[in-house]
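>>> Fold the following for me, if possible:
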Amino acid sequence: MKENTITNPRNEALEGGRSDDVAERIAQRALARRGAHYTSEVRALLDAALGVMRRCGTASRPRVADVVAAAGLSNEAFYRHFRSKDALVAALMEDGAERLCGYLAHQMAKEPTPEAKVRRWVEGILAQAVDEETAATTLAVMWNAGSVTEGFLAGPPTAAGVLATLLHTPYAQLGSQDPELDASLAAHATVGRLADHLWRRERPTAADVDHITRFVLRTVDQEVGP
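Below you'll find the model as predicted:
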């Protein structure tokens, strides 16, 4: 009697490897569920760390136990994704920089000229010191990042390197001979000024935005030949 090719696992070759296809689909679904669960864990840890840091401010640095408790997870879950608290802080910096980059890119896209795009960029960064809650959170994360020893985007924990990428195109359009270097210098200067406002609890004004915008454009202006 001919065996049923649907239920007979020995007919893989006759069925063109369909049994392996089914096994792979089942395995992929399991991996996808695990991946979604792990993503949820990481997001919970990042959000919890942000909340704990905001509450602690610059008075104390939270412990792993504080973050785990706030996230409602276990130490095992924490160390599944982060090898240390430093790694968590570095991830927070990266996450915040990427979110700010997305916001700035959206705002810059509204402007028709490279000069206006640069101003929007400066304005968006300094805006982190305008809202009281945002300012307190940003300051707390930057303060905690000061103790980080693990790498952040292959370098020290700073958002300036990420934010600088948004200036590459406007600077090139303005005639910069080295857009990446000029953008990096502008980003470090602007983020440094943001840190000053945060520490002093001072809200930047329109005059501050104007001054910094002129400053970060001045280098490019000086490069343009006759």
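
>>> next structured bit after the longest helix belonging to the chain?
Ranked by residue count under DSSP state H, the longest helix found in the chain is helix 18-56. The first helix or strand that comes after helix 18-56 along the chain, using DSSP states H and E, is helix 64-71.

>>> Ranking helices and strands of this protein by mean pLDDT, which lands last?
Lowest by mean pLDDT, DSSP states H and E among the helices and strands of the chain is helix 18-56, with a mean of 82.

>>> name the helices or strands packed onto that one?
On a contact count with 3 or more C-beta pairs under 8 Å, 6 or more residues apart in numbering; DSSP states H and E, helix 18-56 meets helix 64-71, helix 75-81, helix 85-108, helix 132-145. Backbone N, C-alpha and C define where each C-beta goes, glycine included.

>>> In TSV, list those along with distance to residue 43, mean pLDDT and mean neighbour count.
Shown next, in TSV, are those (distance: least, C-beta to C-beta, whole Å; pLDDT from 0 to 100; neighbours: other C-beta atoms under 10 Å):
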stretch	distance to residue 43	mean pLDDT	mean neighbour count
helix 64-71	9	95	18
helix 75-81	10	93	15
helix 85-108	9	92	18
helix 132-145	16	90	18
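
>>> Turn those helices into TSV, including distance to residue 165.
Shown next, in TSV, are the helices and strands packed on helix 18-56 (distance: least, C-beta to C-beta, whole Å):
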stretch	distance to residue 165
helix 64-71	29
helix 75-81	26
helix 85-108	7
helix 132-145	19
